[in-house]
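A.B. asks: only geometry, no sequence info:
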DNA sequence: ACCCAGGGTCATA
DNA sequence: TATGACCATGGG
């Protein structure tokens, strides 16, 4: 299967184009987890505003978030959209996090067990769980998002309607199981997607991987 | 005015 | 199991 060769070549190309990204854009592992939930189907710029609000009100801890009223929490995260839904999700997550004993206890779990537990939390689906596993717990899990799916479809590696696990298995099978590599690759895919050709600029001149452009 | 953004859950057939 | 509705702000 030379799928692996293509996947590796794309990584090298993206790295040449954009350089190292040092992700996730957050100051602490806890902030990574909150951001992962807030960014569900939402532009990151809006998530940043919500996180700033949480910081300003000193609510960026598991205890504070779980103790806040849903209405107060919703008000602060408003810029991130879906604020009522996400307020509940943040609280479900923080209650679970505290119940499990926080990082000190969760770090002891195997990656498989931790993933299973994360997925059991209301509001945490596969991508959010994998964001958290990779960027907050530093586990070798490849994050699949809409950009990754489009990219693979564009490269004719997939049709596009495959399920999440199929794509994750595909990417993980093509690469060395290294946290740093998975971290960088997913970040590069997102950065490339953000820098993609716009409607106002149908041809991306600087893009040496034109076939990867999404528009 | 329209489209989409670093998804997930729930109801229906 | 497989679609569809729903959640909602903000920038292009």
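C.D. replies: Arrived safely, thanks for sending. The model shown is predicted, which means the values in this text are computed figures rather than measured ones.
A.B. asks: Now do the nearest residue to residue A:193 once chain neighbours are set aside against residue A:91, distance only.
C.D. replies: Using Cβ to Cβ, 6 or more residues apart in numbering and skipping residues adjacent in sequence, the residue nearest residue A:193 is residue A:147, 4.1 Å away. The way it works is simple: take the backbone N, C-alpha and C, and place the C-beta from them, glycine included. The spacing between residue A:147 and residue A:91, counted by Cβ to Cβ, to the nearest Å, is 29 Å.
A.B. asks: higher neighbour count, those two?
C.D. replies: Neighbours were counted for residue A:147 and for residue A:91 using other Cβ atoms under 10 Å; residue A:91 has more, 20 against 17.
A.B. asks: For that one, what are phi and psi?
C.D. replies: The phi/psi pair for residue A:91 (degrees, to the nearest 10) reads phi -70, psi -40.
A.B. asks: give me every residue that touches the nearest residue to residue A:3 once chain neighbours are set aside.
C.D. replies: Spatial nearest neighbour of residue A:3, excluding adjacent residues (Cβ to Cβ, 6+ apart): residue A:157 at 5.5 Å. By Cβ atoms under 8 Å, 6 or more residues apart in numbering, the contact set of residue A:157 is A:3, A:6-7, A:170.
A.B. asks: ditto for residue A:188
C.D. replies: Listed by Cβ under 8 Å, 6+ apart, the contact set of residue A:188 reads A:11, A:14-15, A:18, A:21.
A.B. asks: Which of those ranks first by neighbour count?
C.D. replies: Busiest of the contacts of residue A:188 [other Cβ under 10 Å] is residue A:14, holding 21 neighbours.
A.B. asks: isn't that one right up against residue A:192?
C.D. replies: Yes. Counting by Cβ atoms under 8 Å, residue A:192 is a contact partner of residue A:14 at 5.8 Å.
A.B. asks: Check which helix or strand residue A:140 maps to.
C.D. replies: Assigned by DSSP states H and E, residue A:140 belongs to neither a helix nor a strand.
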